[in-house]
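*Asks:* Next one to model:
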Amino acid sequence: MHGLDRSLVEHGLALKPNARPVKQTPRHFAPEINIKIKEEIECLIKEKFIRTARYVEWVSNIVPVMKKNGKLRVCIEFYDLNNATPKDEYFIPIADMLIDSAAGNEILSFMDDYSRYNQIFFAEDDVAKTAFRCLGALDHLSTFDSIKTYLSQAPIMANVRSSELLKLYIAATGNTIGFMLAQDDENGNERAVYYLSRVLTDIETRYFPVEKLCLSLYHACMKLKCYMVAKSVKVIAQTNLVVKGQVITGFLVDNSKGLNDQGANIVDVEINYWKLYFDGSKHKDGAGVGILIVSPEGIPSEFLFELKYPCSNNVAKYEALILGLEILIDKGALEVQILGDSQLVLKQLSKEYKCNNETLQKYLVTAWELLTSFQKVSLVHIPRIHNEIANELAQIASRYWVRPKTLKKLSSIHQILVPANEREVLCVDEWEDSDWRKPIAHY
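*Replies:* A predicted model of the protein is given here:
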């Protein structure tokens, strides 16, 4: 559109300091009115008199006005915008000026309206305030063309080649996770093999970014295990995380069922860390803890302890963790993976949750002190269904769940008489032979 140069003059739209942007409620019109509005809007766009806009704060509605000749005039309802602009206290006597300037002349020129040479533009910062909504009338041709272009260039799925490395791309946003399995073809061009995404649940949206990436990896392994078993896979994430194929296959073995003989060619993964499963049980008749420790060689050891003092369910879980850590220290473990279904204990241990309970704070400090005895510690929150053994041991120790087949485990229950934060550490080796406590401690 022709008009005066912006460097020469331009309109400004001042707003009141306390004015808040308003988006008017959408209006709907009859189909025949929509057709005429569409024609008028497309004509204005073609002449570059208006333009499309996104992410605007002010949105007004169209007011169609039918003229006497049957044509439709598109007007904009700037009611809210007008209320947000300060009023001019000194009106310009435009009528008097027009009459005085036209007096004594035969012809009055309206060049500004007809030829558009003297149009004055709005300031760029104020253009978005004049945005209006045109539901059902404006055909976004450019958007439609971009969609057609994207669909015409959609990735074509390729077959997996046994001789090439697989690439697994994982990504996570605030509300979604996605992954794509790719592989290079014979020409070295990357081709997509499979891709998928899903929306996170309300609980999953509160995961940390790293946890969301792990969830994306888990989801990919479950969906693509038929592709990834016994093959080298390179995992590429937003954090530039690279994982060897042996780790992926080990992950599939631990989390897949019904693979039959597909795992026969899987390379063994060397594991040199201990696993500690813990749980606590508290009911009206007693409390107990259950501990399952798995050695690096895969040898499980079960421990049951009955708590002979009043405590809460969270205290019982902390007792299970502390007793498990003490057992691992006695066994000389240096690297440990702690697995439990108590999100409160694990999150407080990792300082993601704040501990406001004075009783639990004492147990938390004790657990932190024990963790300093290890070279490497990892905390893993698992569902209760994956912590069944420790949960069952805790229920047996608390006498909550005793069945005929579990009666033999009652004899292996040890009793804990005082809380962990009140127990003293007794070092028998440092006592003299004449100390009367040494024979008792040995006993």
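*Asks:* secondary structure element for the residue of the chain positioned farthest from its centre?
*Replies:* Centroid-distance maximum for the chain: Gly104 at 75.3 Å, with Cα atoms, centre = their mean. Using DSSP states H and E, Gly104 falls within no helix or strand.
*Asks:* tell me the pLDDT at it?
*Replies:* We have a pLDDT of 81 for Gly104.
*Asks:* again with Arg423
*Replies:* Arg423 is assigned a predicted lDDT (pLDDT) of 57.
*Asks:* And for Lys129, nearest residue in space, chain neighbours not counted?
*Replies:* Nearest residue to Lys129, sequence neighbours excluded (Cβ to Cβ, 6 or more residues apart in numbering): Trp58, at 4.6 Å. All C-beta atoms are positioned from the backbone trio N, CA, C, and that covers glycine.
*Asks:* Pull the contacting residues for that neighbour.
*Replies:* 21-23, 80-81, 128-131 (Cβ atoms under 8 Å, 6 or more residues apart in numbering).
*Asks:* hey, where'd the strands end up in the stretch 301-443 of the chain?
*Replies:* Taking DSSP state E, counting those that start in this stretch, the strands of the stretch 301-443 of the chain run over residues 335-340, 376-381, 413-416.
*Asks:* can you tell me which of the ones you listed comes nearest to Thr173?
*Replies:* With Cβ to Cβ, the closest approach to Thr173 among the strands of the stretch 301-443 of the chain belongs to strand 376-381: 22.1 Å.
*Asks:* quick one, the closest one and strand 335-340 angle?
*Replies:* Interaxial angle, strand 376-381 versus strand 335-340 (axes from the mean of the first three to the mean of the last three Cα atoms, to 10 degrees): 20 degrees.
*Asks:* helices and strands around strand 376-381, which ones?
*Replies:* Counting by 3 or more Cβ pairs under 8 Å, 6 or more residues apart in numbering; DSSP states H and E, the packing neighbours recorded for strand 376-381 are strand 335-340, helix 343-349.
*Asks:* Turn the ones you listed into a markdown table, including mean pLDDT.
*Replies:* Below are the helices and strands packed on strand 376-381 laid out as a markdown table (pLDDT from 0 to 100):
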| stretch | mean pLDDT |
| --- | --- |
| strand 335-340 | 90 |
| helix 343-349 | 89 |
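*Asks:* Name the stretch among the ones you listed that sits most buried.
*Replies:* Highest mean neighbour count of the helices and strands packed on strand 376-381: strand 335-340, a mean of 21 (counted as mean count of other Cβ atoms under 10 Å).
*Asks:* Now the terminal residues of stretch 5-21, how far apart.
*Replies:* 29 Å (Cα to Cα, to the nearest Å).
*Asks:* Identify the residues contacting it?
*Replies:* Residues outside stretch 5-21 that contact it (Cβ under 8 Å, 6+ apart) are 57-58, 81, 84-86, 120-123, 126, 129-130.
*Asks:* just the residues you listed now: which is nearest Gln415?
*Replies:* When those are compared against Gln415 (criterion: Cβ to Cβ), the nearest one is Glu57, at 68.1 Å.
*Asks:* what's the closest non-adjacent residue to that closest one?
*Replies:* Nearest non-adjacent residue to Glu57, counting by Cβ to Cβ, 6+ apart: Pro21, 3.6 Å away.
*Asks:* Doesn't the one you found belong to a strand?
*Replies:* No: assigned with DSSP: H, G, I helix; E, B strand; the rest coil, Pro21 falls outside any strand and is coil.
*Asks:* Check what pLDDT it gets.
*Replies:* For Pro21, pLDDT reads 89.
*Asks:* Could you do Asp80 as well?
*Replies:* Looking at Asp80, the pLDDT reads 90.
*Asks:* and it, what element?
*Replies:* Element membership for Asp80, per DSSP H and E: helix 79-83.
*Asks:* And that helix, what's buried?
*Replies:* Neighbour counts over helix 79-83 (16 or more other Cβ atoms under 10 Å) mark 80-81 as buried.
*Asks:* where does this protein have its least confident helix or strand?
*Replies:* helix 245-255 (a mean of 49; mean pLDDT, DSSP states H and E).
*Asks:* Following the chain onward from that helix, which element is next?
*Replies:* The first helix or strand that comes after helix 245-255 along the chain, using DSSP H and E, is strand 274-283.
*Asks:* Give me the mean pLDDT for that following strand.
*Replies:* When pLDDT is averaged over strand 274-283, the result is 89.
*Asks:* Quick one: closest of the helices and strands packed on strand 376-381 to Arg27.
*Replies:* helix 343-349 (49.0 Å).
*Asks:* same for that closest one, what does it pack against?
*Replies:* Helix 343-349 packs on helix 313-330, strand 335-340, helix 358-371, strand 376-381, going by 3+ Cβ pairs under 8 Å, 6+ apart.
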